[in-house]
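> Next one to model:
(chains A, B, C and D)
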Protein chains: 2
Amino acid sequence: MDDNGENRPKTRIQRRNTQAILEAALEVFSSYGFRGATLDQIAKAAGLSKPNLLYYFPSKEAIHAELLGGLLDVWLAPLRALNPDGEPRTEIMTYMRRKLEMSRAMPRESRLFANEVLQGAPRVAEVLSGGLKTLVDDKAAVIRTWIEAGRIARIDPHHLIFSIWALTQHYADFEVQVRAVLGTERDAFAEAEGFLDRLFDRLLTPDP
Amino acid sequence: MDDNGENRPKTRIQRRNTQAILEAALEVFSSYGFRGATLDQIAKAAGLSKPNLLYYFPSKEAIHAELLGGLLDVWLAPLRALNPDGEPRTEIMTYMRRKLEMSRAMPRESRLFANEVLQGAPRVAEVLSGGLKTLVDDKAAVIRTWIEAGRIARIDPHHLIFSIWALTQHYADFEVQVRAVLGTERDAFAEAEGFLDRLFDRLLTPDP
DNA sequence: TCCATTTCTGACCATATGGTCAGGACGATG
DNA sequence: CATCGTCCTGACCATATGGTCAGAAATGGA
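So this is what the prediction gives:
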């Protein structure tokens, strides 16, 4: 089904152009969603002609799929890195900080996923209920052992993870809103770090 | 500029059809975003022909604008209701619960706004930096007085409001993801209420 | 019942869009 | 420099889409 993976870009030109296309596609898809984006927009942003786009990728779908698939691992890496043998609060705080840093450094990637999920995740539904669910369930189980050991507060692990997603991605996905409300003077991400540190510190502290 | 407001729907048929159109448009726009939605989809969902749609609304833009504008007041009502003279924690907790309830009861409306803001809010940019900013600044000032009086913890009011938005809207905007991860057995919103109660209770409690 | 107004439709239009194709330009390799 | 495979393009196509229009059908009031 998927003819990628075997025949990677070989020549210099292929590498440069596929890279430019994916970069441009990220820009456009993250701004307009899949249906709202057009090949002409992507081609223009990549500095290529539309037929040339389709010389490197067989279809609009394929570009989108390549983008999503290629970024999924990066996107989930921080959660994967959550170490069952680490110090519970450190592990969770580190995870949260990494997610926030990703929102800051890769807001377009965040919006790409947000657009996809918002619109019903038609292209990644299997990933959500497959790999993602497995990963989250796995880490939730780890967190549960920490709770049982009394090392962090007794809160639902799944919703703890959701809260990290929601609070960190909010600053990327709703950036224009955050900026509009805070004004251009304030640094939303810098402030968010302090705020979220405090929030999760309080949330995780076990009851006396 | 806006020729609405004066000539509201009068006849029974007008009322019924404009209602059906807005209902259908909410369904379609919230699922696909502005550019991703088509008039044919909306017309079909409303049980009308496309020309008939355009008999009631002058353009696709107009339908979208009417939807957004009509819902803004409803959407911001809970924040407006935050009472400076009320008991601080009760006021904030009530606000959070109302927002969560709105996410539960009106997920399509939430996604409509989410789509709009995600894609750069081209049609509501003025509202964000105008009315919304004013409202938020106003309520943030109220919260700040509560903090100064030592009645709630010393946390940034703007980010407190952001956190309420992020955490409650997450359950509507990313519903498919939440459902995929949680499975169909669990009731995300019921669980969220308990989780968020606990979270904000801990967040707001003043330092000893 | 008759007429004016409102409501609705099929046919149509201009443009946008995803995608194709024949062939030309280019670049590396002998 | 000849040649072969890579790279690229203009022209083109089928379909989708937002929107228009002349006129038919329904509605409502006198």
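> Go ahead and confirm A:R111 touches B:G120.
No - taking contacts as C-beta atoms under 8 Å, A:R111 lies outside contact range of B:G120: 9.4 Å. Glycine gets a C-beta too; all of them are placed from N, C-alpha and C.
> Quickly list what's touching both of those two.
Both A:R111 and B:G120 are in contact with A:S31, where contact means C-beta atoms under 8 Å, 6 or more residues apart in numbering or on different chains.
> so A:V28 sits right up against A:A45, yeah?
Yes - with contact defined as C-beta under 8 Å, A:V28 reaches A:A45; the gap is 5.9 Å.
> Looking at these two, which one has more neighbours?
Using other C-beta atoms under 10 Å in any protein chain shown as the criterion, A:V28 and A:A45 rank with A:V28 on top: 25 against 17.
> and that one, what does it touch?
Contacts of A:V28 by C-beta under 8 Å, 6+ apart are A:A37, A:T38, A:Q41, A:I42, A:A45.
> any idea which element it lies in?
Element membership of A:V28 [criterion: DSSP states H and E] is helix A:12-36.
> By neighbours, which of the contacts of A:V28 wins?
Most surrounded of those: other C-beta under 10 Å gives A:I42, at 26 neighbours.
> Of A:R111 and B:G120, which one has the most company?
A:R111 (26 against 14).
> And that one, how far from DNA strand D?
To DNA strand D, A:R111 is 22 Å away according to C-beta to the nearest atom of the strand, to the nearest Å.
> next one: A:I147
For A:I147, the distance to DNA strand D - C-beta to the nearest atom of the strand - is 49 Å.
> Next: A:V181.
31 Å.
> for that residue, what are its contacts?
Residues counted as contacts of A:V181 (C-beta under 8 Å, 6+ apart) are B:L128, B:S129, B:L132, B:K133, B:V136, B:D137, B:H158, B:F162.
> Try it again at 10 Å.
A:174, A:188, B:128-129, B:132-137, B:140, B:158, B:161-162, B:165 (C-beta atoms under 10 Å, 6 or more residues apart in numbering or on different chains).
> Which pLDDT value goes with it?
Listed pLDDT for A:V181 reads 98.
> which residue packs closest to A:L182, ignoring adjacent ones?
A:A188 (5.6 Å; C-beta to C-beta, 6 or more residues apart in numbering or on different chains).
> didn't the one you found look like it was pressed against A:L196?
No - between A:A188 and A:L196 there is no contact under C-beta atoms under 10 Å: 11.6 Å.
> Between the two, which contacts overlap?
Taking C-beta under 10 Å, 6+ apart as the contact rule, A:A188 and A:L196 both touch A:Y171, B:H159.
> A:I164 is in contact with A:E91, isn't it?
No - contact status for A:I164 versus A:E91: not in contact, 11.7 Å apart, counting by C-beta under 10 Å.
> Which of the contacts of A:V28 fall in helices?
Of those, the ones assigned to helices by DSSP state H are A:Q41, A:I42, A:A45.
> which one among those gets closest to chain B?
A:Q41 (10.8 Å; C-beta to the nearest C-beta).
> Check the closest residue in space to that closest one that isn't next to it in sequence and give its pLDDT.
Excluding the flanking residues, the one nearest A:Q41 by C-beta to C-beta, 6+ apart is A:V28, at 4.8 Å. A:V28 is assigned 98 on the pLDDT scale.
> any idea how far B:V181 is from A:V28?
28 Å (C-beta to C-beta, to the nearest Å).
> cool, A:L135 as well?
When A:L135 is compared with B:V181 (using C-beta to C-beta), they lie 9 Å apart.
> what's the overlap in contacts for those two?
If you check A:L135 and B:V181 against C-beta under 10 Å, 6+ apart, the residues they both contact are A:I161.
> So which bits of stretch A:165-179 are buried?
Buried residues in stretch A:165-179, defined by neighbour count with 16 or more other C-beta atoms under 10 Å in any protein chain shown: A:165-178.
> can you pull the contacts of the residue nearest to A:I92 when sequence neighbours are not counted?
Closest residue to A:I92 apart from its sequence neighbours, by C-beta to C-beta, 6+ apart: A:L204 at 6.2 Å. The neighbours of A:L204, taking C-beta under 10 Å, 6+ apart as the test, are A:88-89, A:92-93, A:96, A:143, A:146-147, A:151-153, A:155, A:160, B:202.
> Got a PyMOL select line for the buried ones in those?
A single PyMOL command selects the buried members of these (16+ other C-beta under 10 Å):
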select buried, (chain A and resi 88+89+92+93+96+143+146+147+152+153+155+160) or (chain B and resi 202)
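> Poorly predicted segments of chain A, please.
A:1-9 (pLDDT under 70).
> Spell out which parts of it neighbour DNA strand D.
A:T11, A:I13, A:Q14, A:N17, A:L48, A:S49, A:K50, A:P51, A:N52, A:Y55 (C-beta under 7 Å from any atom of the strand).
> Quick check: which of the residues you listed are also close to DNA strand C?
Near DNA strand C, by the rule C-beta under 7 Å from any atom of the strand, you find A:K50, A:P51 out of the residues of chain A next to DNA strand D.
> among the residues of chain A next to DNA strand D, which ones are buried?
Buried among the residues of chain A next to DNA strand D by 16+ other C-beta under 10 Å: A:N17, A:L48.
> Please identify which of the residues of chain A next to DNA strand D is nearest to B:R104.
For the residues of chain A next to DNA strand D, the residue nearest B:R104 by C-beta to C-beta is A:K50; the value is 43.8 Å.
> Could you measure from the closest residue to that closest one other than its chain neighbours over to A:L26?
Excluding its sequence neighbours, the residue lying closest to A:K50 (C-beta to C-beta, 6+ apart) is A:A43, at 4.5 Å. Look at A:A43 and A:L26: by C-beta to C-beta, they are 14 Å apart.
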